[in-house]
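Q: Could you look at this predicted model? Sequence included:
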Amino acid sequence: MSSWRVASLALMLGTFFGMLANVVVLLTAPNAAWRLNVLTFPLWTSAGFFVIYRASFAYFWNRRAARLTRTR
């Protein structure tokens, strides 16, 4: 898996879960929500997903793909 593919996956999931976090913050703390930028959670969540996916999922996926091409 290339970094572009991992970034696109992280962006899709990070945007969804980041916006979900925005809704949770708005519903639980309405007084603090006006100080929150709408893009804060989606951007940080996407960046976190990218780091985690690249370090674990993509690494082992690429390792497995290389091993499968060697054995064929």
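A: Here it is on my side, so go on.
Q: Low-confidence ranges, this protein, go.
A: Counting by pLDDT under 70, the ranges of the chain that qualify are 32-34, 72.
Q: By residue count, tell me the biggest helix in it.
A: If you go by DSSP state H, the chain has its longest helix at helix 3-28.
Q: contacting residues around the helix or strand that comes right after that one?
A: The element immediately downstream of helix 3-28 (helix or strand, assigned by DSSP states H and E) is helix 40-52. The contact list for helix 40-52, computed with CB atoms under 8 Å, 6 or more residues apart in numbering, reads 6-7, 9-11, 13-15, 17-19, 21-22, 25. To be clear about C-beta, it is placed using only N, CA and C from the backbone, and glycine gets the same treatment.
Q: at 6 Å what do you get?
A: Here helix 40-52 makes contact (CB atoms under 6 Å, 6 or more residues apart in numbering) with 7, 10, 11, 13, 14, 15, 17, 18, 19, 21, 22.
Q: So which bits of the longest helix of the chain are buried?
A: The neighbour-count check on helix 3-28 (16 or more other CB atoms under 10 Å) flags 6, 7, 9, 10, 11, 14, 15, 17, 18, 21, 22 as buried.
Q: Ok, stretch 55-63 next?
A: Using 16+ other CB under 10 Å as the test for burial, stretch 55-63 gives residue 58.
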